[in-house]
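> return atomic coordinates for the entry below.
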Amino acid sequence: EVQLVESGGGLVQAGGSLRLSCAASGFTFDDYVIGWFRQAPGKEREGVSCISSSDGSTYYANSVKGRFTISSDNAKNTVYLQMNSLKPEDTAVYYCAAGALVHCSIYSLPLMEYWGKGTLVSVSS
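Numbers count the residues shown, from 1 in each chain. Model prediction:
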């Protein structure tokens, strides 16, 4: 059974940092691109970042570029999203997702197959 479990969300003040984790199981981690998405109340889901363990490619949305860093620990089947300089507009439920892809890019994001249940990030001003 495929499982993606997010953790690390919480309440933080603007300018603060959080690190989200996505623990994956039930599939061959190295054969999948892992992505992070977020959805704020009343807004559409947004692709934030992705990473490929296969070729090392990464992608960041313009809204988080320079502030967020995605990384992967293949030994632990876990992907991290380090979020720095957080802004109130980063407030959302953050989801991780996985797709059977080799390369990570903006074009990978619509192709995710498996999803976690999400973790809430709230940034106060």
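
> residue contacts, the one residue sitting closest to the centre of the chain?
Residue closest to the average C-alpha location in the chain (Cα atoms, centre = their mean): W36, at 2.2 Å. Applying Cβ atoms under 8 Å, 6 or more residues apart in numbering to W36 gives the contacts 20, 22, 47-50, 70, 79, 81, 94-97. In short, each C-beta sits where N, CA and C put it, glycine included.

> low-scoring stretches of the protein, by residue?
By pLDDT under 70, the chain contains no weakly predicted segment.

> sorry, back to before: okay, the contacts of W36 in TSV with secondary structure, distance to S108 and neighbour count next?
Below are the contacts of W36 laid out as TSV (DSSP: H, G, I helix; E, B strand; the rest coil; distance: Cβ to Cβ, whole Å; neighbours: other Cβ atoms under 10 Å):
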residue	secondary structure	distance to S108	neighbour count
L20	strand	19	24
C22	strand	15	26
G47	strand	9	18
V48	strand	12	25
S49	strand	11	24
C50	strand	6	29
I70	strand	13	22
V79	strand	14	29
L81	strand	16	26
Y94	strand	17	23
Y95	strand	15	22
C96	strand	13	29
A97	strand	10	23
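
> which among those residues gets closest to P88?
Using Cβ to Cβ, Y94 comes nearest to P88 of the contacts of W36, at 14.9 Å.

> the closest one bridge partners, please.
Taking DSSP bridges as the rule, Y94 bridges to R38, T119.

> equivalent analysis for the one 5 residues further on, please.
Residues in a beta bridge with G99, per DSSP bridges, are V33.

> which residues touch it?
32-33, 35, 108, 111-114.

> can you name the two of the residues you listed that are farthest apart?
Greatest spatial distance in the contacts of G99: S108 and Y114, 13.5 Å, computed using Cβ to Cβ.

> what segments of the chain are helices?
Assigned by DSSP state H, the chain shows no helices.

> which residues in it form strands?
Using DSSP state E, the strands of the chain run over 3-7, 10-13, 18-25, 33-39, 46-52, 58-60, 68-73, 78-83, 92-99, 114-115, 119-124.
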